[in-house]
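Trainee: Got a predicted structure here, sequence first:
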Amino acid sequence: MNNGDSMLILRYRNNLWLLILLFSTIFNAPKATAQKLHLCSESQPENLSLYYKWWNLLHYTIDIQPDYQSKSIQGTNKIRFVALQEGQVVQIDLQSPMEISHVGWNKVALAYKRIKDAYLITFPRKIRKGEVNSIEIIFHGKPIESHKPPFDNGWIWQKDKKNNPWISIACEGSGASIWLPCKEVLYDEPDNGVLFNINVPDSLVAVANGRLIQKIKHRCGTTSYQWKVVSPINNYNIVAYIGKYKTWHQNHLGKAGNLDCDFWVLNDNVNKAKLHFKQVDTMLNCFEYWLGKYPFYKDGYKIVEAPMPGMEHQSAIAYGNKFENGYNGYDISTTGWGLKWDFILVHESSHEWFGNSITSCDNSNTWLHEGFAKYMETIYTDYVFGKAAGNAYAIGTWKKIKNDEPIIGNNTSDRYYKGSAMLHIIRQIIGDAKFRGWLHQLNLSFYHATVNTEQVLDNLNKFTGQDFTKIFEQYLHTIQVPELAYYFDKNLYYFRWTNCVANFSMPVKIQIGKERQIILPTAKWNKITIKSSDRNTIIVDSNLYINSYRSKL
């Protein structure tokens, strides 16, 4: 028997096994019920395709077999859904050069039409409102390859220092449809989670989101690792890590009891990883204090060493920061405080609350992921090293604000830095206790939900009893930095806002000489009486992202 014949037999066995697993899962899967739906927690964006709108995702059952040599994958995805209204055509997305080769429903092959990267799949009859169905999709191809993950998207086909395959996926931005046939939207997550089976050579280990529920060795020299996620999860967070991994487990006593924490690193990095990852306990204590309980106790918390700097993959955080503090040895704030903790651990783990549990309903609102996660770096610095350190770190990061585009509706990096600056401002206005109370309320209100900015603003206004509408409008919808204009006339201090949206108002702490005041500027000139004659020493609160200048008036 030649090598070609061996490969054909191996492929036949693997494909046969995949089909057996697929049909076993189809007929043994638990049936969805209306009680399990999270429809009230999903906010549909405007201008949604009709082929998306009429149905709601319930579950993915994914089975893949990657091939390192050809940089290709083949697999299946069973998509279970419930009809929100009557419909007959669903849209499933899979980006070129990946292809769908078969769609099945109740043992019937469904007709489908490809329009660019969308597949319109037609049922032979109309699906009734409330009806639960599954479609089985077989797919294959060479997915887009990422050469600078996660900054460009695709599958990562690298090797570790010992020349072993090291494989993963980065698809935030492009979405999982670069490799997986799925409903490529942020607002609709599979309410009942994902079952993910990864078939790899015996010499490698496959890690994914959630919990490992079984490991099956096959005679053909491959092993299947089956991982289960029970929580809703957005598409770009579904991930496979494949490599020469070792793992260890530790318990974290959290707000909801015992939290299972698992760590997966390459074989040679276990000792230094165990020492470095001692930061995780402190980080989890900080986040649960400020945000409320970790959102995925049922799926556990996991750090996986990855061939990329980092990514917020739900319950399987990608880590590639070389087991050192800062970000690749650099302090983003340039204050020194950012070198006292591991940037990737803190930033990516905070996404479990913001991005993974609370998810933007569409790409125009993703500051809800990045602005909050960025601000949790400040919160962590404050928690461990004190308020002065936290403030210094926050202000240090503002040097990266570009004001190139409004945050809402754009992909500007200001989603991170300016979004974080706005949250720092809100904290100054309402105080630490109420700010922490709001973060807890936010995570309770939108637990495992997809939301938009208006919902978060409404939640803030109701919780505080204050109106932050104009502050959101100023910092999220414009590139204007508020300017505090002022001048003196005898014992009077005059002040007003310029470069602002209409009716902008925000309190400001100032100090003139030794006098401290809180003023409430508007677009019109206002004044206060001052006693100090030291008018050259005026200090405006540096914790507000604003500019100030002495007017010529």
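Mentor: Now that the structure is in, tell me what you want to look at. Numbering: from 1, shown residues only.
Trainee: okay, CA-based contacts and neighbour counts for the rest of this
Mentor: Noted.
Trainee: Count the residues that sit near residue 250.
Mentor: Residue 250 has 12 neighbouring residues, counting by other Cα atoms under 10 Å.
Trainee: And it, how far from residue 303?
Mentor: Noted for residue 250: a distance of 12 Å to residue 303, by Cα to Cα, to the nearest Å.
Trainee: Now do the shared contacts for the two.
Mentor: Counting by Cα atoms under 8 Å, 6 or more residues apart in numbering, the residues touching both residue 250 and residue 303 are residue 262.
Trainee: least trustworthy helix or strand in this protein by mean pLDDT?
Mentor: helix 3-28 (a mean of 38; mean pLDDT, DSSP states H and E).
Trainee: all helices in the stretch 451-553 of the chain, in order from the N-terminus.
Mentor: 453-464, 469-477 (DSSP state H, counting those that start in this stretch).
Trainee: Tell me which of those sits most buried.
Mentor: Ranked by mean neighbour count, the helices of the stretch 451-553 of the chain are led by helix 469-477 with a mean of 19 (mean count of other Cα atoms under 10 Å).
Trainee: list the helices and strands it packs on?
Mentor: Secondary-structure packing of helix 469-477 (3 or more Cα pairs under 8 Å, 6 or more residues apart in numbering; DSSP states H and E): helix 414-430.
Trainee: what angle do the helix it packs on and helix 469-477 make?
Mentor: 160 degrees (axes from the mean of the first three to the mean of the last three Cα atoms, to 10 degrees).
Trainee: Tell me where the model's unsure across the stretch 451-553 of the chain.
Mentor: Residues of the stretch 451-553 of the chain meeting the criterion pLDDT under 70: 553.
Trainee: circling back to that earlier point, could you provide the helices of the stretch 451-553 of the chain in TSV, with additional columns for distance to residue 201?
Mentor: TSV is the format used below for the helices of the stretch 451-553 of the chain (distance: least, Cα to Cα, whole Å):
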stretch	distance to residue 201
helix 453-464	45
helix 469-477	48
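Trainee: So which of those helices is nearest residue 417?
Mentor: Taking Cα to Cα, helix 469-477 is the member of the helices of the stretch 451-553 of the chain nearest to residue 417, at 11.0 Å.
Trainee: outside of that closest one, which residues touch it?
Mentor: 406-408, 418-419, 422, 457, 480-482, 500-501, 503-506.
Trainee: which residues does the nearest residue to residue 552 once chain neighbours are set aside form a beta bridge with?
Mentor: In this structure, residue 552 finds its nearest non-sequential neighbour in residue 487, 7.3 Å apart by Cα to Cα, 6 or more residues apart in numbering. Residues in a beta bridge with residue 487, per DSSP bridges, are residue 494.
Trainee: ok, the residue nearest to residue 387 when sequence neighbours are not counted to residue 346 distance?
Mentor: With sequence-adjacent residues excluded and distances taken as Cα to Cα, 6+ apart, residue 387 is closest to residue 381, at 8.0 Å. Distance, residue 381 to residue 346, using Cα to Cα: 10 Å.
Trainee: Which parts of the stretch 201-350 of the chain are helices?
Mentor: For the stretch 201-350 of the chain, applying DSSP H, counting those that start in this stretch gives helices covering 270-276, 279-291, 343-350.
Trainee: In a markdown table, list those along with mean neighbour count.
Mentor: Formatted as a markdown table, these follow (neighbours: other Cα atoms under 10 Å):
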| stretch | mean neighbour count |
| --- | --- |
| helix 270-276 | 14 |
| helix 279-291 | 18 |
| helix 343-350 | 25 |
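Trainee: can I get those in JSON lines with mean pLDDT and distance to residue 547?
Mentor: JSON lines is the format used below for the helices of the stretch 201-350 of the chain (pLDDT from 0 to 100; distance: least, Cα to Cα, whole Å):
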{"stretch": "helix 270-276", "mean pLDDT": "98", "distance to residue 547": "40"}
{"stretch": "helix 279-291", "mean pLDDT": "98", "distance to residue 547": "29"}
{"stretch": "helix 343-350", "mean pLDDT": "98", "distance to residue 547": "28"}
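Trainee: So which of these is nearest residue 72?
Mentor: Evaluated over the helices of the stretch 201-350 of the chain, closeness to residue 72 peaks at helix 343-350, with 28.2 Å, by Cα to Cα.
Trainee: downstream neighbour of the closest one in the secondary structure list?
Mentor: Next along the chain after helix 343-350, taking DSSP states H and E as the criterion, comes strand 358-360.
Trainee: Run the chain-centre distance for that following strand.
Mentor: Distance of strand 358-360 from its chain centroid, counting by Cα atoms, centre = their mean, to the nearest Å, is 8 Å.
Trainee: That one packs against which elements?
Mentor: Applying 3+ Cα pairs under 8 Å, 6+ apart, we find strand 358-360 packed against helix 367-385, strand 449-451.
Trainee: Tabulate those in CSV, adding columns for distance to residue 106 and mean neighbour count.
Mentor: Formatted as CSV, these follow (distance: least, Cα to Cα, whole Å; neighbours: other Cα atoms under 10 Å):
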stretch, distance to residue 106, mean neighbour count
helix 367-385, 39, 23
strand 449-451, 31, 26
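Trainee: so which of the ones you listed gets nearest residue 256?
Mentor: strand 449-451 (19.3 Å).
Trainee: hang on, the residue nearest to residue 387 packs against residue 393?
Mentor: Yes: Residue 381 lies in contact with residue 393 (Cα atoms under 8 Å); the separation is 7.4 Å.
Trainee: joint contacts of those two?
Mentor: Common neighbours of residue 381 and residue 393, using Cα under 8 Å, 6+ apart, are 337-338.
Trainee: ok, now which ones touch the closest residue to residue 233 other than its chain neighbours?
Mentor: Nearest non-adjacent residue to residue 233, counting by Cα to Cα, 6+ apart: residue 189, 5.6 Å away. When contacts are counted by Cα under 8 Å, 6+ apart, residue 189 touches 57-58, 232-235.
Trainee: go with 6 Å
Mentor: The contact partners of residue 189, by Cα atoms under 6 Å, 6 or more residues apart in numbering, come to 232-234.
Trainee: before we move on, which element is residue 113 in?
Mentor: Assigned by DSSP H and E, residue 113 belongs to strand 111-115.
Trainee: Compute the inter-axis angle for whichever helix or strand comes after that strand and strand 111-115.
Mentor: Moving toward the C-terminus from strand 111-115, the next helix or strand (DSSP H and E) is strand 118-127. Strand 118-127 and strand 111-115 meet at an angle of 150 degrees, taking the same axes, to 10 degrees as the criterion.
Trainee: All good on my end, thank you.
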